[in-house]
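Asks: Below are the sequence and a predicted model; questions follow.
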Amino acid sequence: MATVTQTVQTQAEPEYVYFHYDGVWGHKREVLKGSCRKQTFTEIPVVDIARLYSQDVEERIGVAKEIIHACENVGFFYIQNHGIPQDLIHGTLESNKKYFNKPLDEKMQQYIYKSRNLRGYEPVHGARVDATKATGDRKESFLFSYDPEEDEIVPELTEEQRALLSHNLWPEDDEGFRKQSWDYHRALLRLARKMMQAFALGLGEKETYFDELVTAPLTSIKKIHYPPQDLTSTDETGIGAHTDFVCFTILHQDNTGGLDVLNANAEWVPAPPIPGTFVVNIGDFLMRLTNNRFLSTVHRVKNVSGKDRYSMPFFFSFGMHDFVSVLPSCCGPDNPPKYEPITVSDYYKRRHEIQKKAFADRQSGKATVYS
Ligand SMILES: O=C(O)CCC(=O)C(=O)O
Ligand SMILES: [Fe+2]
């Protein structure tokens, strides 16, 4: 007698990676396997930007094209030969460490919720990017933002424009920390403006296309200290998976490692430290401006090294008062603008409201449950 064997095909449940995007946690990407896998990156490209400083525009265009390729395909890339002196970086990292070594009550004098617009110090577990983690991010940070008086060329601003600027909360009696921070900021601002010119060139615009939008840009430097994570806890993370909401970020990471970047198959690709480089990543605002041509890529930090990790993202956006629409070179009859024009100020106001509400919900014990 013949036996009939019945095979029951069980469909595997899809797996997802969750992340924080556009101010909220809960966005997800399916982990793609087998024939469903897409063509996507498996490493982060390195771009040598020395030729951006060449007198020959063709040389500059060559680098700009490499940069655009990375923005479209990865949204993350290292820059090499960027021109920022190593001793300036080293001095700034040392002064950051000194700051984080101060007693907590001294640092809490600059608590971000004492400031009007979230500038200053945020303690360990103060932020919780990954809402599935009960304890919050295992990191402390100090954030300060653009001050026109500290720019190489002080921009002329109306009273109304000045009113939109941030108010930084500096530690009293620590002139050295403040001075070091602005020296580093000035150097990074010069580099960021250069990068903006490269984006313009690579997109086929005039090199100076964005110059007027970056005379008084919204910038922030976040000095971060990640103490070693508790390896026995599944609840610990350095910073949860997220996208940055600015135009782009120039990140300095020390040699500890722990930064991961999410590709289209929802695999985590490491972005290990490469001496002498910065990591540049595209944020939501530049993705918006390029009608999604540039990728604002999800990333996270897990500090499982057993050591302290120090990093410094420099976040860069246009001026607060600037009204920005999707770039003409990134839309057309078959590709209409996906986004309304918006001022940077309104865009940020919305994001800050979301952040303040999330903080208030946490304080009042209101829980959000994610599957
Ligand atoms: O610390 C890092 O390497 C990344 C930090 C980061 O992604 C952020 O602050 O947005
Ligand atoms: Fe980030």
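Replies: Everything's here; your move. Ligands and ions are numbered 1, 2, ... in the order given.
Asks: Assign Val280 to helix, strand or coil.
Replies: strand (DSSP: H, G, I helix; E, B strand; the rest coil).
Asks: ok, it to Gly319 distance?
Replies: Going from Val280 to Gly319 by CB to CB, to the nearest Å gives 20 Å. In this view, the C-beta of every residue, glycine as well, is placed from N, C-alpha and C.
Asks: for ligand 1, what are the nearby residues on the stretch 151-300 of the chain?
Replies: Residues of the stretch 151-300 of the chain lying close to ligand 1 by CB under 6 Å from any ligand atom are Lys222, Ile224, Ile239, Asp244, Leu251, Gln253, Leu259, His299.
Asks: Now these in a markdown table, please, with extra columns for neighbour count.
Replies: Putting these into a markdown table (neighbours: other CB atoms under 10 Å) gives the following:
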| residue | neighbour count |
| --- | --- |
| Lys222 | 18 |
| Ile224 | 24 |
| Ile239 | 24 |
| Asp244 | 23 |
| Leu251 | 23 |
| Gln253 | 22 |
| Leu259 | 26 |
| His299 | 24 |
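Asks: and of those residues, the nearest to Asp87?
Replies: Ranked by distance to Asp87 (CB to CB), those are led by Gln253 at 17.8 Å.
Asks: Quick check: nearest residue in space to that closest one, chain neighbours excluded?
Replies: Once flanking residues are discounted, Gln253 sits nearest to Ser311: 4.5 Å by CB to CB, 6 or more residues apart in numbering.
Asks: Show me what that neighbour is bridged to.
Replies: Ile224, Gln253 (DSSP bridges).
Asks: My guess is it contacts Ile250. True?
Replies: No - at 11.4 Å, Ser311 does not count as touching Ile250 under the criterion of CB atoms under 8 Å.
Asks: The two: which has the busier surroundings?
Replies: Ser311 (26 against 23; other CB atoms under 10 Å).
Asks: Check the gap between the more buried one and Pro14 for me.
Replies: Separation of Ser311 from Pro14 (CB to CB): 33 Å.
Asks: ok, now Leu93?
Replies: Going from Leu93 to Pro14 by CB to CB gives 42 Å.
Asks: Equivalent analysis for Glu236, please.
Replies: 26 Å.
Asks: Between Leu93 and Pro14, which is the more surrounded one?
Replies: Leu93 (18 against 11).
Asks: so Asp346 sits in a helix?
Replies: Yes - the assignment for Asp346 by three-state DSSP puts it in a helix.
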